[in-house]
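Trainee: Any chance you could fold what I've pasted below:
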Amino acid sequence: MQPATSLKSLRDRPFELLLELESRAKAAASGARESAAGQAWIGVAFRMGGETFLVARDEAREIMGVPTPLTRVPGSREWIKGLANVRGQLLPVIDLRQYLGSGETQSGRNTRVVVVNHREIPAGLMVDEVLGFRRFNEQDFHAEPPPTIIRCERYLVGSFRRGTEAWPVFSLRKLVESPAFLQGST
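Mentor: Below you'll find the model as predicted:
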């Protein structure tokens, strides 16, 4: 193992000083990635019908306010609130709570749309509130999801436990690929 080069000894050689600084920065960055990889799980927390859920960070493309105007689609199910033009792309906006059969989401100041990160199925899911990112240790994951009031067990993939709290993990991929979700017409 090489002895560490003193930065002070390189003060009169700026090019070598920069190389040493770059080498140390790369080593520190890779060490941080290795220690964080496999240990931390990051998700987006949201509230729906008084319950709190998580979605994996990579399943949510973005969070936005409810877009206006929403153009209602004739012959579509009640839970499809309409189409929105978001930066030149059409985005179907779905009331997630209504789709699950647990009542309609009341649009308010905190109401948000979680845009699903799926290559083939564009969808924006209306929820009561988004609480931001939450970080959990992967060892706190339990494959058995906790019971929920909102009937969504078929879309849950487990939960994270923190103290006495259980945070159910909602799979947006399972939701948008389910045959019931894809049947948007009446």
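Trainee: element containing Phe46, please.
Mentor: Assessed by DSSP states H and E, Phe46 sits inside strand 40-48.
Trainee: Name every strand pairing with that strand and say which way it goes.
Mentor: strand 51-56 (antiparallel), strand 129-137 (antiparallel) (DSSP bridges).
Trainee: and Pro179, which of those is closest to it?
Mentor: Comparing the strands paired with strand 40-48 by their distance to Pro179 (Cβ to Cβ), the top pick is strand 51-56, with 20.6 Å. To be clear about C-beta, it is placed using only N, CA and C from the backbone, and glycine gets the same treatment.
Trainee: mind listing what's buried in the closest one?
Mentor: Neighbour-count burial for strand 51-56 flags Glu51, Thr52, Phe53, Leu54, Val55, Ala56 (criterion: 16 or more other Cβ atoms under 10 Å).
Trainee: what pLDDT, on average, does that strand get?
Mentor: Strand 51-56 comes out with an average pLDDT of 96.
Trainee: Same question for stretch 119-136.
Mentor: 95.
Trainee: cool, stretch 146-161 as well?
Mentor: The model assigns stretch 146-161 a mean pLDDT of 92.
Trainee: What distance separates the opening and closing residues of it?
Mentor: Stretch 146-161 has an end-to-end distance of 10 Å (Cα to Cα, to the nearest Å).
Trainee: same thing with stretch 119-132?
Mentor: Terminal residues of stretch 119-132 lie 23 Å apart, using Cα to Cα.
Trainee: residue ranges with poor pLDDT in this protein?
Mentor: Along the chain, the model assigns pLDDT under 70 to residues 1-4, 30-38.
Trainee: Tell me where it has helices.
Mentor: Ranges of helices in the chain, per DSSP state H, are 14-36, 96-99, 172-177, 179-182.
Trainee: which one of those is the most hemmed in?
Mentor: helix 96-99 (a mean of 22; mean count of other Cβ atoms under 10 Å).
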